[in-house]
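> Next one to model:
(2 chains)
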Amino acid sequence: DTGVSQNPRHKITKRGQNVTFRCDPISEHNRLYWYRQTLGQGPEFLTYFQNEAQLEKSRLLSDRFSAERPKGSFSTLEIQRTEQGDSAMYLCASSFFGGANNEQFFGPGTRLTVL
Amino acid sequence: AQSVTQPDIHITVSEGASLELRCNYSYGATPYLFWYVQSPGQGLQLLLKYFSGDTLVQGIKGFEAEFKRSQSSFNLRKPSVHWSDAAEYFCAVLYSGGGADGLTFGKGTHLIIQP
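Sure thing, here's the model as predicted:
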């Protein structure tokens, strides 16, 4: 098991373009989370899935953001019509819900720069 | 709503000296509490967690933390720091039911180690 992976690691785009990020969780984990981290801040929760169901969305997740986890394995986060304020590190985490604890394991993140 | 406060943005400690990083939370019930470390270019790594039971918890890399309900605190300590401990440290709380299962993070404390 190689842990949580995220691709790409870096993305530079122009304002108004759409971008999509991918997260591959630890294989036996049934929960997958997305967070956003801006410079000098802690990560902020965006949304999470249990298997393929999206169970919670933060108010930070505007209608330009959409996340999917179609088969309960990997997940994608798409940002439409990107804005400069979307520049941030996007973190993915996974956990196994139902065990003794609910520890979230984080991936290395995708750094988005919107020009 | 829950919140986490890390009052120290930066802390400078000499190598070999002891360390204490402060964390206070605001939450209506007993939370699940976590400390994560983030090194440049690395994902968030869990140092330790508190769910219940003994209020002094031991973690990896020689770190420990103490949960004090009366002070709503969960401070991180290490008796002797090493240069490799230089990183960003985040305290986080998990809402344990009835809603969002995303972690709420503090803004982080940047630890600088002096030789």
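> what pLDDT does the residue lying closest to residue A:51 once chain neighbours are set aside get?
Nearest non-adjacent residue to residue A:51, counting by Cβ to Cβ, 6 or more residues apart in numbering or on different chains: residue A:72, 4.0 Å away. All C-beta spots, glycine's among them, are computed from the backbone N, C-alpha and C. At residue A:72, the model reports a pLDDT of 86.
> what does the one 3 residues further on give?
In the predicted model, residue A:75 carries a pLDDT score of 98.
> Repeat that for residue A:4.
Looking at residue A:4, its pLDDT is 95.
> Kindly report the same for the one 3 residues further on.
As predicted, residue A:7 sits at a pLDDT of 97.
> just residue A:1 next, same as before
In this model, residue A:1 is scored at 55, pLDDT.
> Could you pull out the strands in chain A for me?
For chain A, applying DSSP state E gives strands covering A:5-7, A:10-13, A:19-24, A:31-37, A:44-50, A:53-57, A:65-68, A:75-79, A:88-95, A:105-106, A:110-114.
> what about the first one, near chain B?
Read that as strand A:5-7. No. Strand A:5-7 lies out of reach of chain B by Cβ under 8 Å from any Cβ of the partner chain, never closer than 8.6 Å.
> List of residues touching that strand?
By Cβ atoms under 8 Å, 6 or more residues apart in numbering or on different chains, the surrounding residues in contact with strand A:5-7 are A:21-24, A:90-92, A:107-110.
> For it, which strands pair with it and how are they oriented?
Counting by DSSP bridges, the strands paired with strand A:5-7 are strand A:19-24 (antiparallel).
> pLDDT on the partner strand, on average?
Across strand A:19-24, pLDDT averages out at 98.
> hang on, the earlier thing: which of the contacts of strand A:5-7 lies closest to chain B?
Checking those against chain B by Cβ to the nearest Cβ gives residue A:108 as the nearest, at 4.5 Å.
> How many residues are close by residue B:92?
Residues within reach of residue B:92, counting by other Cβ atoms under 10 Å in any protein chain shown, total 27.
> Return the distance of it relative to chain A.
7 Å (Cβ to the nearest Cβ, to the nearest Å).
> contacting residues around that residue?
For residue B:92, the contact set (Cβ under 8 Å, 6+ apart) comprises A:42, B:4, B:33-36, B:103-106.
> lowest-pLDDT helix or strand in chain A?
Ranked by mean pLDDT, DSSP states H and E, the weakest helix or strand in chain A is strand A:53-57, scoring a mean of 89.
> quick check, that one touching chain B?
Yes. Residues of strand A:53-57 contacting chain B under Cβ under 8 Å from any Cβ: A:55-56.
> what angle do that strand and strand A:75-79 make?
Here the directions of strand A:53-57 and strand A:75-79 differ by 50 degrees (axes from the mean of the first three to the mean of the last three Cα atoms, to 10 degrees).
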